[in-house]
Each structure stands twice: as C-alpha cells, then as structure tokens.
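A.B. asks: Dropping the sequence and predicted coords here.
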Amino acid sequence: MSVQHAVQVAVNRALRPTGFQVVRGHSTDPAISPFLPARRTIKQAAKAGKSVGDFLDSYSAEPGATAATVDALLEIGHLTPDTVDRVCEIGPGSGRYTARVQAAVQPSWYEVYETASDWIRYLRGELPTLTFRPTDGHTLAPTPSASVDLVHTHKLLGYIPFVTALGYVDEMARVVRPGGVVAFDLITDDCLDDSTTKVWLTEPHRMSIYSVAPRAWLTDFLAQRNLELEGSRFVPLSGGRTELLVYRRR
C-alpha cells in the first residue's frame, strides 16, 4: 500500500461517520474495493486462450454462466429493444454482462457505476458507448429518480457488506421508472443448502468474503418501494450459488 493510499484510507475511516469520503477517480473505501485487478485478469485470460468473460466464468462460476444469467434476466423481465431504452449497471467490471445486455436490448443510453479505475480504462476501450457516472461506491446519486428502464448488477452485492448492498438496492428502486426492471444477484438464505454449507465450513477463511441476505425480508423491503418480484434463477458461484432476483416497478 502506498503512503498516499494509506493516508486516503485513514482519512476516509475518520470521515465515515459524517457520510463523506475523499475519492480520487474511484472510491477508496475498503468496503467496495476492486475484487480482481484488470491487468492480471486480462493477462491470465490471454494465457488461457479465453476471452476475459469466459475466463471469469471459469474462475468464479462455471462455463457459460454469464450468458445463462443474461438470458434468464431477459426472459424473466421480458426485456427487448421495444421495452428498454435506458439502462444503468452497477459494477460492470470486465463488462461481461454489459456487452450481452447491450447487444440484446440495444439501448440508446447505457450508464455504469464502476469504482475500479483499471477496469474503467479497459471498458472505455472495449465498450466506448458507455456513459461513466461519478461514483462514491454507495449511491447512484447522479442518476435522476424514475429515469431508467433497467437497472442491474451482477456478482457484486454478495461480496460487499450487507448494509452497503442494501443501500444500492434502495437506490435501484429509486432510479427505475414505473414498469421498469430491477435485477441483481446475491447470496440469499435459499442458496444455502446442505451441500453448500458443508463446502463453506471446510473453507471458512475463503468463504468469509461472502455476505448472505434474507430473501423474504428483502422482497418485503422492495415491495414497500413498489417493486414486485417477477421471478428468480439460481446462478453458479465458486463454492456455491447466488440467486438472480428480478423485480418490476409498479
């Protein structure tokens, strides 16, 4: 850790109770720090002879998981070019979900919130039509309320503290228009079957990176924000699975 970064972390730790933080291009809050560095991931993908998306599928889930997730999102949400014009995505990272959603619904506006500067540079080269929103790592403040047809995130909420994930979910409910779709995957209590918990208990230090959300409570929380559950699908994850939840704004 550089001296500058150490100072930023210390200052943000002191400022956290006030609701403010110092940022430089992306958030330095350790609660939402980047998961996989871009340069190393891209290099490993090239060495394996795979696209970055296919490499990440093999690394964190199983081959084809990204395509299957996007297909499920489109099917459950009834998302087509006729129903989606404006999209917001949180934490696109490598853009493996972004590219597939863009190709499927062909929106005129696709904005993203990404905290990792190295992945931002990569995305600017790979997907130049994206609009990058300034991010604090906790909110979607630059996006107006009821302004997007689809707001989604993948392989993010299950890795960050539950209160941070809940804040994002609350913001997703705010920015989606009536009739629009909110979609995200996380580790719900329904994901924790006996075989999964056995794996977790054999590797508690590795599995401590995950956080678990109460599914029924979360659905009630979103119902209070006029979001109704349309459907769900389990998604493979290293050491278990997440659940893709798709809601529609009434």
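C.D. replies: Yes, it's here.

A.B. asks: Spell out the secondary structure type for the closest residue to G231 other than its chain neighbours.
C.D. replies: Spatial nearest neighbour of G231, excluding adjacent residues (C-beta to C-beta, 6 or more residues apart in numbering): I76 at 4.0 Å. Heads up, the C-betas are built off the backbone N, CA and C, glycines and all. When classified by DSSP: H, G, I helix; E, B strand; the rest coil, I76 comes out as helix.

A.B. asks: check contacts around I76.
C.D. replies: A183, E230, G231, S232, R233, L244, V246 (C-beta atoms under 8 Å, 6 or more residues apart in numbering).

A.B. asks: if I look at it, how far off is L245?
C.D. replies: I76 sits 9 Å away from L245, going by C-beta to C-beta, to the nearest Å.

A.B. asks: Mutual contacts of the two, please.
C.D. replies: Shared contacts of I76 and L245, counting by C-beta under 8 Å, 6+ apart, come down to A183, S232.

A.B. asks: Where do the helices of the chain begin and end?
C.D. replies: 3-15, 38-48, 52-60, 65-77, 96-105, 117-126, 162-175, 194-202, 204-207, 215-223 (DSSP state H).

A.B. asks: Just give me the lowest mean pLDDT stretch among these.
C.D. replies: Mean pLDDT values for these show the minimum at helix 3-15, a mean of 43.

A.B. asks: Next up, the contacts around Q102.
C.D. replies: Per C-beta under 8 Å, 6+ apart, neighbours of Q102: V87, Y110, L127, T129.

A.B. asks: typo on my end, D193
C.D. replies: If you count contacts by C-beta under 8 Å, 6+ apart, D193 has none.

A.B. asks: mind checking how far it is from W200?
C.D. replies: From D193 to W200 the distance is 11 Å (C-beta to C-beta).

A.B. asks: again, but for V112
C.D. replies: V112 is 31 Å from W200, by C-beta to C-beta.

A.B. asks: who has more neighbours, those two?
C.D. replies: V112 (23 against 17; other C-beta atoms under 10 Å).

A.B. asks: Bridged to the more buried one, which residues?
C.D. replies: Beta-bridge pairing for V112 (DSSP bridges): E89, F132.

A.B. asks: I figured it hits T131, correct?
C.D. replies: Yes. In terms of C-beta atoms under 8 Å, V112 counts as a neighbour of T131; the distance is 7.2 Å.

A.B. asks: Same list (the helices of the chain) but as CSV, adding distance to H154.
C.D. replies: Shown next, in CSV, are the helices of the chain (distance: least, C-beta to C-beta, whole Å):
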stretch, distance to H154
helix 3-15, 26
helix 38-48, 16
helix 52-60, 11
helix 65-77, 6
helix 96-105, 5
helix 117-126, 14
helix 162-175, 12
helix 194-202, 19
helix 204-207, 19
helix 215-223, 16
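
A.B. asks: where's the residue positioned nearest the centre of the chain relative to K43, distance?
C.D. replies: Residue closest to the average C-alpha location in the chain (C-alpha atoms, centre = their mean): T153, at 3.2 Å. Plainly put, T153 is 26 Å away from K43 if you go by C-beta to C-beta.

A.B. asks: got it, and L73?
C.D. replies: Applying C-beta to C-beta, the value for L73 to K43 is 30 Å.

A.B. asks: what about these two, which has more around it?
C.D. replies: Neighbour count, other C-beta under 10 Å: between L73 and K43, L73 has more, with 25 against 11.
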